[in-house]
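1. Have a look at this prediction, sequence included:
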Amino acid sequence: MNAYIIRRILLIIPTFIGITLMVFAITRFVPGGPIERMIAAAQQSSMSRGFNKMNETPLSASQLEELKKFYGFDKPIIVSYGQWLYNVATFDLGTSTRYYEPVWDIIKSKLPVSLFYGIMAMIITYSVCIPLGILKALKHKTKLDNITSVIVFIGYAIPNYIVAIILLLIFSSWLDIFPLGGFVSDNFHELSFVGKFIDILYHAVLPLISYMAGSFAVMTFMMKNSLMDYLASDFMRTAIAKGMTFRQAVLGHALRNSLIPLATHFGNNISLILTGSYLIEKIFNIDGIGLLGLESVIERDYPVVMGILVISSLLFMIGNILSDICVALVDPRVRFE
């Protein structure tokens, strides 16, 4: 096991270089970068004052060279990428071209919000979907199974951003039960500790439901179908024939094996803890990393884009390793040599 984990950790290095090099190259070739946007802004400003024509560049050649040097566009891609990679290795993600602040400081300021929604969504999803999937498997084709299947399928069929809009329309606009958005109220700092906790939960109800709409259905039916397969297996019939009760056979044999698909899916959810859903954050005006990533792409803030890519790609690869470890824990047949 230890040797396998070490190999997987070492494999992170070339995978990380491949992912970041590809995106880094794209940011260099995609039109509309920070320099082009700055030229367009200066050109628009000059035209509004009547000093310049549309096709003329308001910046001199020396100014353009200074801008290229400032943004690192004056060197070949490989050289620029090598410098960026060295900075990342020294825990320097660069400076935002939009906020003119260190990228890590910007990401760090968004972390608490994204961590709260990501961790809460994962805990609620696993806490509800696993018992619900078990119950649906044991009560297959009953009224309970059919009703819950309809509800879950509706949540799965509708995109989560549509669910968010519907929830806002009904519970915030029409019924005025929950707030229209935001992470906390305006008077949050004036509340007591319990009041702050309740206020955060009050604002989190609709976003969390929207976050979990799709994954809720996937996890529930994954658990149900996996358990049903093992309930019909030979070792279940053998266990019952040897004197075990149905409950003992389910808990002792079928349940553990049915958790294997969920264990493999666990790692994929790790990276989603931080990145979340930028559409949900946009709709509910949640100032998290997902919204930061969306705005950074639109505004061509490539240092922030690369910073978020660094964190999300590392989390995804570490999550895959954790998935393998979880599979080994629940499946005694798996042995990593």
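-> Received it, and whenever you're ready, just let me know what you need. Residues are numbered from 1 along each chain as shown.
2. Which residue, other than its chain neighbours, is closest to Phe153?
-> Ala217 (6.6 Å; Cβ to Cβ, 6 or more residues apart in numbering). C-beta here means a position set from N, CA and C on the backbone, and glycine is covered the same way.
3. neighbours of that neighbour, just the number please.
-> Residues near Ala217, counting by other Cβ atoms under 10 Å, number 19.
4. That one sits in which helix or strand?
-> Using DSSP states H and E, Ala217 maps to helix 193-231.
5. How about Ile13?
-> Going by DSSP H and E, Ile13 is part of helix 2-29.
6. gap between that helix and the chain center?
-> Chain-centre distance of helix 2-29: 19 Å, with Cα atoms, centre = their mean, to the nearest Å.
7. what's that helix packed up against?
-> Under the contact criterion of 3 or more Cβ pairs under 8 Å, 6 or more residues apart in numbering; DSSP states H and E, helix 2-29 touches helix 77-89, helix 302-330.
8. Out of those helices, which gets nearest to Pro102?
-> helix 302-330 (9.2 Å; Cβ to Cβ).
9. got the contact list for stretch 294-303?
-> 27, 32-34, 37, 93-99, 103, 278, 281-282, 304-305, 308 (Cβ atoms under 8 Å, 6 or more residues apart in numbering).
10. hmm, try it at 7 Å
-> 27, 32-34, 37, 93-98, 103, 278, 282, 304-305 (Cβ atoms under 7 Å, 6 or more residues apart in numbering).
11. hang on, the earlier thing: and the helices and strands packed on helix 2-29, which one is worst for confidence?
-> Of all the helices and strands packed on helix 2-29, helix 302-330 carries the lowest average pLDDT, namely a mean of 85.
12. Okay, buried residues for that helix please.
-> 302-313, 315-321, 323-328, 330 (16 or more other Cβ atoms under 10 Å).
13. residue ranges with poor pLDDT in this protein?
-> 1, 41-43, 45-60, 267-268, 271-276, 332-337 (pLDDT under 70).
14. and it, what are its domains?
-> 2-89, 104-330 (automatic domain parsing).
15. so which of those domains is the most packed in?
-> domain 104-330 (a mean of 17; mean count of other Cβ atoms under 10 Å).
16. mind checking the end-to-end distance for that one?
-> Using Cα to Cα, to the nearest Å, one end of domain 104-330 lies 37 Å from the other.
17. And it, how far out from the chain middle?
-> Worked out by Cα atoms, centre = their mean, domain 104-330 lies 10 Å from the chain centre.
18. that older thread, pretty sure the residue nearest to Phe153 is touching Val150, no?
-> No: using Cβ atoms under 7 Å, Ala217 makes no contact with Val150, being 11.1 Å away.
19. hmm, back to that, among the helices and strands packed on helix 2-29, which is nearest Pro14?
-> helix 302-330 (10.9 Å).
20. tell me the angle the closest one makes with helix 77-89.
-> 60 degrees (axes from the mean of the first three to the mean of the last three Cα atoms, to 10 degrees).
21. how close does Ile260 get to Leu329?
-> 10 Å (Cβ to Cβ, to the nearest Å).
22. right, I mislabeled it, should have said Ser172
-> Applying Cβ to Cβ to Ser172 and Leu329 gives a distance of 42 Å.
23. And for Met122?
-> Taken as Cβ to Cβ, the span from Met122 to Leu329 is 18 Å.
24. ok, now Asn187?
-> 46 Å.
25. Check Leu115 too.
-> 25 Å.
26. again with Ser210
-> 32 Å.
27. repeat for Lys136
-> Lys136 is 24 Å from Leu329, by Cβ to Cβ.
28. Same question for Leu85.
-> From Leu85 over to Leu329 (counting by Cβ to Cβ), the distance is 35 Å.
29. Please apply the same query to Ser312.
-> For Ser312, the distance to Leu329 equals 25 Å [Cβ to Cβ].
30. for Asn285, same thing?
-> 40 Å.
31. on that earlier part again, can you name every helix or strand that the helix holding Ala217 contacts?
-> helix 103-138, helix 143-157, helix 160-167, helix 255-258, helix 260-275, helix 278-283 (3 or more Cβ pairs under 7 Å, 6 or more residues apart in numbering; DSSP states H and E).
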